[in-house]
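A.B. asks: here is my input, please return the structure:
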Amino acid sequence: MAAASPSVFLLMVNGQVESAQFPEYDDLYCKYCFVYGQDWAPTAGLEEGISQIASKSQDVRQALVWNFPIDVTFKSTNPYGWPQIVLSVYGPDVFGNDVVRGYGAVHVPFSPGRHKRTIPMFVPESTSTLQKFTSWFMGRRPEYTDPKVVAQGEGREVTRVRSQGFVTLLFNVVTKDMKKLGYDTGPVDTQGVLGPCLPQGNPQ
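C.D. replies: Model (predicted):
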């Protein structure tokens, strides 16, 4: 008797929030969570986490190394609403208050394999000089009440932000039954993991 065709596909993601570059700041920690569409559901692993506090390395890179693990499995019936990981980085200000140092988001890679992603981070800005001074003095910097808004488009056009820092993530992606449902995830993408690409064509 033939096996019944699958009605859902699985997306298995593990890896780590590897490191960050925030030249102006030290002693930072990171939170992550996943944002996904209505047809998606987590079946195993953790949807969110919070890392340890990391200090800058003593070499020239001055990297903040977390190596914080990610491990989650999703099921879905269609790719719409493909999961995104949202990162929030926090650290102390001059008064010792925990303030946000950066938000960022990226889609989980679509093709199976090992992937490295570097995410540019940003922070919301106060709309006036007075608000900026007041928020600095009170230790209450502008931040999102729900970091998941970073992965959505609604209302983003009215938010003033400033670029600040980068976070590097490493993903290991496995999919199951996508081809049986008619989806082609394409070739394995390893760009950024095996090293820099060779230049194309003759140098000018």
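A.B. asks: ok, the residue nearest to P83 when sequence neighbours are not counted - contacts?
C.D. replies: Nearest residue to P83, sequence neighbours excluded (Cβ to Cβ, 6 or more residues apart in numbering): Y36, at 4.2 Å. Bear in mind the C-beta positions are built from the backbone N, C-alpha and C, glycine included. With contact taken as Cβ atoms under 8 Å, 6 or more residues apart in numbering, Y36 is in contact with F74, S76, G81, W82, P83, Q84.
A.B. asks: switch to 10 Å and redo it
C.D. replies: 11, 42, 47, 74, 76, 80-85, 108, 151 (Cβ atoms under 10 Å, 6 or more residues apart in numbering).
A.B. asks: again with V167
C.D. replies: If you count contacts by Cβ under 10 Å, 6+ apart, V167 has them with 17-22, 28, 30, 32, 64, 66, 87-89, 102, 104, 106, 117-121.
A.B. asks: give me the beta-bridge partners of it?
C.D. replies: Beta bridges link V167 to A20, I119 when assigned by DSSP bridges.
A.B. asks: again with T73
C.D. replies: When assigned by DSSP bridges, T73 has beta-bridge partners M12, A44.
A.B. asks: now the nearest residue to M178 once chain neighbours are set aside: phi and psi?
C.D. replies: Distances taken as Cβ to Cβ, 6+ apart put F9 closest to M178, at 4.6 Å, once the chain neighbours are dropped. Here is the backbone geometry of F9 (degrees, to the nearest 10): phi -120, psi 160.
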